[in-house]
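1. A structural model of the following input is requested.
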Amino acid sequence: MTLQQQKAVIREEVLSIRDGLAPHLRIEKSLQAAELGISEIEFDPGTIISGFFPIRSEIDARPLMDMLRGKGARLCVPIVQDKTTILFRELIPGAELVDTGFGTCGPNSEAAVLNPEILIMPLSAYDLRGGRIGYGAGHYDRAIQRLRAKNIEPRLIGLAFECQQVSNVPMESHDQALGALLNETGFKIIEDQVRI
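-> Next up, the predicted model:
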């Protein structure tokens, strides 16, 4: 079985578990994660931070994003531009949100495209060494590479439920390891990151 196939199996298994969480528990756990994360994520006012709107049964990053904005963050969210590219458009309170595909919404094309310094990233599965599995399209991996090409070294923080943790994520050469993890039980800085 290839690494890609192994990741697909893990993704399917973990998403099935995540889908089994009752909606009220997802809300409670999202709020718990936000409360735990806001005191741990350090940044200067004006720092550009990317969050995300939840799809399917994902943890809801919006409570954390609201708290980050309250501490002076400049927020943006990923917008799928095409099959291989995501952009990060500025999220301003009260601005119009439009359908951006994949069951989510985001700022329209008039919103500024930003280069985030901190990425709060959705996950399908993760391990405690910073290994992460997304949805398989590689959007974040390529976006991170583009940021690094602009001499921006973004902090990568995975946000997910504890039930999405696995013992080991198989990593491919293009996979970008997380620098920290946040779930409803706490915030963990990855000391011994996966290196390819």
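2. Can you list the buried residues in the top strand by length along the chain?
-> For the chain, the strand reaching the highest residue count under DSSP state E is reported as strand 74-82. Residues 74, 75, 76, 77, 78, 79, 80 are the ones in strand 74-82 that count as buried (16 or more other Cβ atoms under 10 Å). C-beta: built from backbone N, CA, C; applies to glycine.
3. wait, what's in contact with the last one?
-> Pointing back at residue 80 there. 86, 100, 101, 102, 139 (Cβ atoms under 8 Å, 6 or more residues apart in numbering).
4. The fourth one contacts residue 54, doesn't it?
-> No: in terms of Cβ atoms under 8 Å, residue 102 does not count as a neighbour of residue 54; the distance is 11.2 Å.
5. which residues are in contact with both of those two?
-> Listed as contacting both residue 102 and residue 54 by Cβ under 8 Å, 6+ apart is no residue at all.
6. With respect to residue 168, which of the buried residues of strand 74-82 is nearest?
-> Checking these against residue 168 with Cβ to Cβ, the nearest one is residue 78 at 26.6 Å.
7. Figure out the helix or strand that the nearest residue to residue 176 once chain neighbours are set aside lives in.
-> Nearest non-adjacent residue to residue 176, counting by Cβ to Cβ, 6 or more residues apart in numbering: residue 144, 4.7 Å away. Per DSSP states H and E: residue 144 is located in helix 139-149.
8. mind listing the strands in the protein by residue range?
-> 48-50, 74-82, 85-90, 97-101, 104-107, 118-122, 125-126, 132-133, 155-159, 180-183, 186-189.
9. any residues touching the fourth one, and which ones?
-> In other words, strand 97-101. 79, 80, 105, 106, 107, 108.
10. And those, which two are furthest apart?
-> 80 and 108 (13.7 Å).
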